[in-house]
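*Asks:* Got a predicted model here, sequence first, then my questions.
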Amino acid sequence: MTAVTGAPGFAPRGSRQLAGTGALLRLALRRDRVMMPVWVLVVAGLVLAMPGSLEQTYGTAAERADAMRSMNANSSMRALYSPVFGDSIGALSAWRIGVYAAILAAVMSLIIVVRHTREEEETGRQEMISAAMVGRRAPLTAALLAAFVANAAVGLLIAGGMAGQGSAGALALGLGVAGTGMLFATAAAVVAQFTESARLAKGLTSGVLGAAYVLKAAGDAGSERGQSVLTWLSPLGWTENLRAYAGERWWVLLLIAAAIVVQGSFAYGLAGRRDVGMSFLPTRPGPAKGAIGTAGGLAWRLQRGSVLGWTLGYLVAGVVFGGMVEGVADIVGDNAGTREIIERMGGQSGLTDAFLATMVGLLGMVASLYVVASVLRLHGEETSQRAEPVLAGAVGRLRWAGGHLVIAFGGAVLLMLVGGLGLALGYGKDLGPVLGACLVQVAAVCVLGGLTVLLVGAFPRAAVAAWGVAGLCLALGWIGPALDLPPVALDVSPFGHLPKVPGSAMAWGPVWTLLALAAALTATGLAGLRHRDLTT
């Protein structure tokens, strides 16, 4: 009798819904055994590297207090980062990197959750797994637990590494970053119930994250103490108002926890009311005619939302960065350390030109993330078996790939032009030199795009490594100068070889060399794609 009541068919309803969660969690952690530790170390490492950099830049209490006043007096700086709530090294570290670490934790979390929910259903693997003794809500539970493991690791590393600046502030910063990650993990779980595409689920959740940043930035631009209604409407504003190292507001964690519970409960409710592979907003069918009947038209249809979203974001970012140029002298003041960092990033020219070159370089490095994502769409179409029906018709592999690559590389040029236009609009002058400087960045962006094509075409199993390369280049360009890394380390990134324009003399040699390298990588990748079997 005992054996019968313990059988799966007679198990309590709650236990049946979660059956197999442990096995799915172990599978998720095994599949992410490389990706997850890399994300955790990058997010935590950026935070832990900040105190040492700030101690070199602001060595005295007077310099830190002056920096705090200057930053809070500049609305563009408040929008870009957040208000500064204290002048200690810990408080300045939380100001400088806290929100951005939370954004990275959010991106990590949404990738993990969508990867182990909607992506599994899209590829058909979830249907096979569900044929075994697996509960309806077990996949979602395992995905959220995997995200929890990653965020807990990030939080523990930050809290432990920052404890030297103050244990209370370190705990608040660690919980804030980890909590924001879990908040967007549950947001991704909700979005995954409404879409049939993992790509769309990631895009929509990223859009929510972008909207949260815009709300926070708009609120902070109008308030020196983070008390704007717009700031409080953003989850990133909650992270900011936790005020690590500046009189911690522990009750803000209750807001984050409540949002996690509400979103998680909503996701669980939705997951129990749909069939595997289906969604509440199914994809609308339609004939492939007109522009979508060509390989290029199909690529544009698949990626147009991403291109338009990135373009709008670059215009806004360019205007914000451009508005900061006039006040850069007031921000830096007499602080030699800050001036030296800006000049290392932007070249040994006037402070204004060096700052412009720094912002242009930042736009270029972020554009490389767009190119990697756009090229990897080829890999996604292939592994999801959507490429096979296309290639079964009168479409060659090179023409199919070419449609996506035009969107990738052409989109990079568009982004840099729009970003340069935004910079010039925000600055109010120097349209020609700024646009030229932005276009120079395209050479390095294309190198990373070409490397991604090589991985997709010749080494498809290693294609996701392109994200690691792009992340390394972004880290080297963003925090490398602040950490005063040697030139040999900075030169690992293709961006380290570009001339620091505007301000410095234009050098065409490195630009043409990088473009030739990008072309060679792309051609080699396309040759590999043409001659190998399609992967599944």
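*Replies:* Nice, thanks for sending it over. Numbering: from 1, shown residues only.
*Asks:* Quick one: name whatever helix or strand follows the longest helix along the chain.
*Replies:* The helix that spans the most residues within the chain, counting by DSSP state H, is helix 351-383. For helix 351-383, the following helix or strand on the C-terminal side (DSSP states H and E) is helix 387-391.
*Asks:* For the stretch 201-350 of the chain, just list every one of the helices.
*Replies:* 229-232, 235-241, 252-271, 295-325, 328-332, 336-346 (DSSP state H, counting those that start in this stretch).
*Asks:* among the ones you listed, which is nearest A147?
*Replies:* Closest to A147 of these is helix 252-271 (C-beta to C-beta; 10.7 Å). C-betas here are computed from N, CA, C, even on glycine.
*Asks:* what about the residue nearest the centre of the chain, is that helix, strand or coil?
*Replies:* By C-alpha atoms, centre = their mean, the chain has its centre lying nearest to V107, at 5.3 Å. Assigned by DSSP: H, G, I helix; E, B strand; the rest coil, the conformation of V107 is helix.
*Asks:* Can we start the residue count at 34 from this point?
*Replies:* Taking 34 as the first residue, the last one we looked at is V140.
*Asks:* buried stuff in the strand or helix carrying G490?
*Replies:* Element membership of G490, judged by DSSP H and E, is helix 464-491. Of the residues in helix 464-491, 466-468, 470-491 count as buried by neighbour count, 16 or more other C-beta atoms under 10 Å.
*Asks:* Would you mind listing the buried residues in stretch 276-290?
*Replies:* R276, A277, Y278, A279, E281, V285, L286, L288, I289.
*Asks:* Looks like the third one contacts Q198 (just checking).
*Replies:* Yes: under the criterion of C-beta atoms under 8 Å, Y278 lies in contact with Q198, with a separation of 6.5 Å.
*Asks:* Could you pull out the residues contacting both of these two?
*Replies:* Both Y278 and Q198 are in contact with S121, G123, S126, where contact means C-beta atoms under 8 Å, 6 or more residues apart in numbering.
*Asks:* tell me, how many neighbours does the last one end up with?
*Replies:* Which is S126. 27 (other C-beta atoms under 10 Å).
*Asks:* Would you confirm that it contacts G197?
*Replies:* No: counting by C-beta under 8 Å, S126 stays clear of G197, with 11.0 Å between them.
*Asks:* Determine the residues that are contacts of both of those two.
*Replies:* What both S126 and G197 touch, as defined by C-beta under 8 Å, 6+ apart, is the set P84.
*Asks:* Name the residues that touch the next helix or strand after the helix holding G490?
*Replies:* Using DSSP H and E, the helix or strand that follows helix 464-491 in sequence is helix 498-512. Residues from elsewhere that reach helix 498-512 (C-beta under 8 Å, 6+ apart): 71, 75, 79, 82, 86, 378, 394-395, 398-399, 401-402, 405, 408-409, 481, 484-485, 488, 518, 522-523, 525-529.
*Asks:* May I see the buried residues of helix 498-512?
*Replies:* Using 16+ other C-beta under 10 Å as the test for burial, helix 498-512 gives 498-504, 506-512.
*Asks:* repeat for stretch 444-462
*Replies:* Within stretch 444-462, the residues scored as buried using 16+ other C-beta under 10 Å are 444-445, 447-460.
*Asks:* Looking at those, which are in helices?
*Replies:* Among those, the subset assigned to helices under DSSP H consists of 444-445, 447-460.
*Asks:* which ones are touching I162?
*Replies:* G53, L57, E153, P172.
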